[in-house]
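>>> Starting from these lines, generate the structure:
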Amino acid sequence: MKSKLVVPIVALFLAACQSQPATETAQTSEADAAAAAAAEAKALVNRYYEAFNSHDREVYSELFTADAETWSTDGSTVSGVEAVADWDMAWYSAFPDARITSERMITEGSFIVSENHFTGRHEATMVQPDGQEIPATGNQVDVPYVAVFEIEGGKLKRQRIYYNSLTVVEQLGLEP
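Okay, the predicted model is just below:
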């Protein structure tokens, strides 16, 4: 009787051992795929920052979807890859040496959160979303901000920019 019970138990044990590596392999494959997707997403955002830093608007059509959108806490929203490039160009115009430096990025699915600094010297008139113009102050700014990107089809679909506009006003030497 013992030998009849041992055979099925041993068979179940062997079956369980054989199926375990397949489960581990599937979990590893999923983790590897997620890590690869996160690395690709970060590389895409870094390519955007490189394009911004070199003022290379020609690359924007490779990086952004045709209907891309940028929203900012300054009250502006622009839609379309050309409008996104124009929005960035407005910053270049006022801050010709503008740079974005990324401190860290976190990915979750198709979203990336990037903690950054915008730096530059205010050397030309800056036009606000409401049309108000701020004459050049010559002041250097270093503005911390957070950008949240959404990726669709391997391109940037949405960018939401969160920063304290009072920080910019103070660093420009203007009255709030």
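>>> Give me the phi and psi angles of the residue nearest to Arg121 when sequence neighbours are not counted.
Spatial nearest neighbour of Arg121, chain neighbours left out: Gln140 (5.0 Å); criterion: Cβ to Cβ, 6 or more residues apart in numbering. (Glycine included, C-beta is placed from N, CA and C.) With angles defined as degrees, to the nearest 10, Gln140 sits at phi -90, psi 140.
>>> Burial check on Gln140, number of neighbours?
Per other Cβ atoms under 10 Å, the neighbour tally for Gln140 reads 13.
>>> For it, which residues are in contact?
Thr119, Gly120, Arg121, His122, Gln171 (Cβ atoms under 8 Å, 6 or more residues apart in numbering).
>>> So which of those is the closest to Thr77?
Closest approach between the contacts of Gln140 and Thr77, by Cβ to Cβ: Gly120, at 22.4 Å.
>>> before we move on, the earlier item: just put the contacts of Gln140 in CSV and tack on neighbour count.
Output for the contacts of Gln140, formatted as CSV (neighbours: other Cβ atoms under 10 Å):
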residue, neighbour count
Thr119, 15
Gly120, 19
Arg121, 16
His122, 23
Gln171, 15
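>>> Helices - which of the residues you listed land there?
Those of the contacts of Gln140 mapping onto helices are Gln171, per DSSP state H.
>>> Redo the contacts of Gln140 as CSV? Include pLDDT and distance to Asp56.
Output for those, formatted as CSV (pLDDT from 0 to 100; distance: Cβ to Cβ, whole Å):
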residue, pLDDT, distance to Asp56
Thr119, 98, 18
Gly120, 97, 16
Arg121, 98, 20
His122, 98, 22
Gln171, 97, 26
